[in-house]
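Visitor: kindly return the folded structure for what I paste below:
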Amino acid sequence: MDANEILDYCLAKKGVTETFPFDNETLVMKVGTKMFLLMGLERQPLGINVKTDPEWSAELREQHPQITGAFHMNKTHWNSVLLDGLKRDLIFKMIDQSYELVFNSLTKKAREEIVNA
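Guide: Next up is the predicted model:
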């Protein structure tokens, strides 16, 4: 899986924008005004940071050495994920959950604007 596949998958979701708020190498995907995925474009192996339910985060970290608490982020909710060796379906499932968690945290008005856009 490469960065373009991740980017295309994220951009296919409603209300998603790509930004570079930190530097020219860290891609941040947002739904509305909130980030749901970070990806270091120059980092090898390729990795992402995603938000997941805390219980699922604990399970994922126990089952997969590629998944750890995200550096400089709330480790209860955010995971750093090295994509090497993980199944495509699992990666997409984590991205989906991150998007949903962040989308659901938006105001009702913001959610309606995205859905009706």
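Visitor: please identify the helix or strand for the spatially most central residue of the chain.
Guide: When Cα atoms, centre = their mean is applied to the chain, the residue found nearest the centroid is Leu37 (2.8 Å). Per DSSP states H and E: Leu37 is located in strand 34-40.
Visitor: what is that strand packed up against?
Guide: Counting contacts by 3 or more Cβ pairs under 8 Å, 6 or more residues apart in numbering; DSSP states H and E, strand 34-40 packs against helix 3-11, strand 26-31, strand 47-51, helix 88-105. The C-beta positions use only the backbone N, C-alpha and C, and glycine is treated the same way.
Visitor: next, the angle helix 88-105 makes with the third one.
Guide: Just to be clear, that refers to strand 47-51. 40 degrees (axes from the mean of the first three to the mean of the last three Cα atoms, to 10 degrees).
Visitor: how about residues contacting strand 47-51?
Guide: With contact meaning Cβ atoms under 8 Å, 6 or more residues apart in numbering, strand 47-51 is reached by 6, 36-40, 70, 73, 77-83, 91, 94-95, 97-98, 101-102.
Visitor: and for stretch 72-79?
Guide: Contacts to stretch 72-79, defined as Cβ under 8 Å, 6+ apart, come from residues 49-52, 54, 57, 60-61, 67-70, 94, 101.
Visitor: going by neighbour count, list what's buried in it.
Guide: By neighbour count on 16 or more other Cβ atoms under 10 Å, the buried set for stretch 72-79 is 77-79.
Visitor: now do it, average pLDDT.
Guide: Taken as a whole, stretch 72-79 has a mean pLDDT of 89.
Visitor: cool, and stretch 48-60?
Guide: Across stretch 48-60, pLDDT averages out at 94.
Visitor: show me what contacts Glu59?
Guide: So Glu59 contacts nothing (Cβ under 8 Å, 6+ apart).
Visitor: may I see the buried residues of stretch 87-97?
Guide: For stretch 87-97, a neighbour-count test (16+ other Cβ under 10 Å) marks 90-91, 94-95, 97 as buried.
Visitor: check stretch 32-51 too.
Guide: Judged by neighbour count (16+ other Cβ under 10 Å), stretch 32-51 contains these buried residues: 32, 35-40, 46-51.
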